[in-house]
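1. Sequence and predicted model, in that order:
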Amino acid sequence: MADDQQLWGYTEVAAHLGISVGAARSRKSRGSLPAPDDDSVPDRPRWKPATFQGWSPVGRGFRSDLHGSSWPEDTPAD
């Protein structure tokens with residue numbers, strides 16, 4: 001591919017997200033990263049930097065997947 005310099009591997013994605021390479025791989029396997037822009041090489045997905053513009057990581061902060069989108073009514077919000 002002629003624009004290899006324009007694609008990020010796990011190392012660049014991890015650096016961009018502020019996580020380890022292992023965490024980036026784990027997020028990819030769980031489906032918590034955007035779909036790769038190039039997956040032509042097995043086990044080496046690559047993404048365009050623009051893919052991460054406007055994308056927010058899943059799983060940071062409050063676990064809305066466990067508790068719904070708001071605080072439970074019986075739990076006071078401090």
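-> Thanks, I have it.

2. Flag the shaky bits of the chain, pLDDT-wise.
-> In the predicted model, the chain carries pLDDT under 70 at residues 1-5, 58-78.

3. Show me the helices in it, by range?
-> 10-17, 21-30, 64-67 (DSSP state H).

4. so what secondary structure elements neighbour the longest one?
-> I take that to be helix 21-30. Counting contacts by 3 or more CB pairs under 8 Å, 6 or more residues apart in numbering; DSSP states H and E, helix 21-30 packs against helix 10-17. Any C-beta I mention is one placed from the backbone N, CA and C, and that applies to glycine too.

5. so what does the helix it packs on touch, helix or strand wise?
-> helix 21-30.

6. contacts for the helix it packs on?
-> If you take CB atoms under 8 Å, 6 or more residues apart in numbering as the criterion, helix 21-30 is touched by Y10, T11, V13, A14, L17, I19, L33, P36, P45, P57, V58, G59.

7. wait, which of the helices of the chain is closest to F52?
-> helix 10-17 (6.1 Å; CB to CB).

8. Which entries within the contacts of helix 21-30 meet the buried criterion?
-> Y10, V13, A14, L17, L33, P36, P45 (16 or more other CB atoms under 10 Å).

9. With distance to A24 as added columns, please give those residues in JSON lines.
-> Putting the buried ones among the contacts of helix 21-30 into JSON lines (distance: CB to CB, whole Å) gives the following:
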{"residue": "Y10", "distance to A24": "5"}
{"residue": "V13", "distance to A24": "5"}
{"residue": "A14", "distance to A24": "4"}
{"residue": "L17", "distance to A24": "7"}
{"residue": "L33", "distance to A24": "7"}
{"residue": "P36", "distance to A24": "12"}
{"residue": "P45", "distance to A24": "10"}
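
10. Of the helices of the chain, flag the one that's most buried.
-> Of all the helices of the chain, helix 10-17 carries the top mean neighbour count, a mean of 16, counting by mean count of other CB atoms under 10 Å.

11. Can you give the contact residues for that one?
-> By CB under 8 Å, 6+ apart, the residues outside helix 10-17 that reach it are 8, 20-21, 23-25, 28, 33, 45, 47, 49, 52, 57.
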